[in-house]
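In: sequence and predicted model, in that order:
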Amino acid sequence: MGIRVFLVDDHEVVRRGLVSLIELEEDLNVVGEAGSVSEALARFEVARPDVMILDVRLPDGDGIELCRDVKSLHPEIACLMLTSYSDDEALFSAILAGASGYLLKQIRSNALVDAIRRVARGESLLDPAVTARVLQRLRSPAIEDDLISKLSPQEKKILDLISEGMTNREIAESMYLAEKTVKNYVSNMLAKLGMGHRSEAAAYAARLSERKRLKDPG
């Protein structure tokens, strides 16, 4: 069967193009595809892929959260983020989520095929300089203390739970709140932080946690 690849992108034209490209290679095989996070979560385990190619922006969430979910269930699956957007925050979040690479859709076809093979072998395509920059951000107290001060105690608690990968439903059960109430808290929290996605908030919380750990190792 060669290397088994699963595609997640909400644009059918993009998926069709990727299928056509990948299926030209004798050692690569597309074993499944999805247009949303929910579809991917419902299908990927049955497909048993070696590599998942994930769009960052999806209609019901984002590929970075999906990457985190996939890696928590099956750490042996390599995740490649493939996006139209060069975004430092998304790259930061992807690294924390366990992605093996972060590629732009402008990539040449032969380079993408090579990337699939490399991550299937266990290699990382993340530029060491970029990874170093991310680690530096973990160690640098920027304006983040001002941001966290804007949150209420309840919002801070929810931020911590989001950073642990919990869904709104799980947070609601943990805090004895209605799921709709949690959803409202999350929306308000993201607005205060100036963020658009839960994955950004999770990455932000991870930075705060890492900074605290580095400051007080004991």
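Out: Yep, that arrived. Residues are numbered from 1 along each chain as shown.
In: where do the helices of the protein begin and end?
Out: Remark: helices assigned in the chain by DSSP state H are 12-22, 37-47, 63-73, 88-97, 109-120, 128-139, 144-148, 153-163, 168-175, 179-193, 198-215.
In: among the ones you listed, which comes closest to Val30?
Out: Among those, the nearest to Val30 by CB to CB is helix 12-22 (5.1 Å). Just so you know, the C-beta spots here come from the backbone N, C-alpha and C atoms, and that holds for glycine as well.
In: and the closest one, how far out from the chain's middle?
Out: Remark: helix 12-22 is offset 21 Å from the chain centroid, using CA atoms, centre = their mean, to the nearest Å.
In: quick thing: my sequence starts at 44, can you match it?
Out: Taking 44 as the first residue, the last one we looked at is helix 55-65.
In: most centrally placed residue in the protein?
Out: Centroid-nearest residue in the chain, with CA atoms, centre = their mean: Ile107, separated by 1.4 Å.
In: so what's that one up against?
Out: Taking CB atoms under 8 Å, 6 or more residues apart in numbering, we find Ile107 in contact with Leu97, Val99, Met124, Ala133, Ser136, Ala137, Ala140, Ala142, His240, Ser242.
In: show the pLDDT at the closest residue to it other than its chain neighbours.
Out: In this structure, Ile107 finds its nearest non-sequential neighbour in Ser242, 4.2 Å apart by CB to CB, 6 or more residues apart in numbering. Predicted confidence (pLDDT) for Ser242: 77.
In: so Glu166 is in contact with Ile159, correct?
Out: No - counting by CB atoms under 8 Å, Glu166 stays clear of Ile159, with 10.9 Å between them.
In: more crowded one of those two?
Out: Neighbour count, other CB atoms under 10 Å: between Glu166 and Ile159, Ile159 has more, with 23 against 13.
In: could you check how far that one is from Val62?
Out: Computed as CB to CB, to the nearest Å, the Ile159 to Val62 distance reads 13 Å.
In: repeat that for Ile107.
Out: Ile107 is 23 Å from Val62, by CB to CB.
In: got it, and Leu204?
Out: Leu204 is 38 Å from Val62, by CB to CB.
In: who has more neighbours, the two?
Out: Leu204 (19 against 14).
In: so for that one, what's the pLDDT?
Out: 88.
In: and what of Ser127?
Out: pLDDT, Ser127: 84.
In: so how many other residues sit close to it?
Out: Residues near Ser127, counting by other CB under 10 Å: 13.
In: can you check the one 4 residues further on too?
Out: Each residue near Asp131 was counted by other CB under 10 Å, and the total is 11.
In: kindly provide the distance from it to Ala140.
Out: 15 Å.
In: same question, Glu198
Out: 22 Å.
In: cool, Leu155 as well?
Out: In terms of CB to CB, Leu155 sits 20 Å off from Ala140.
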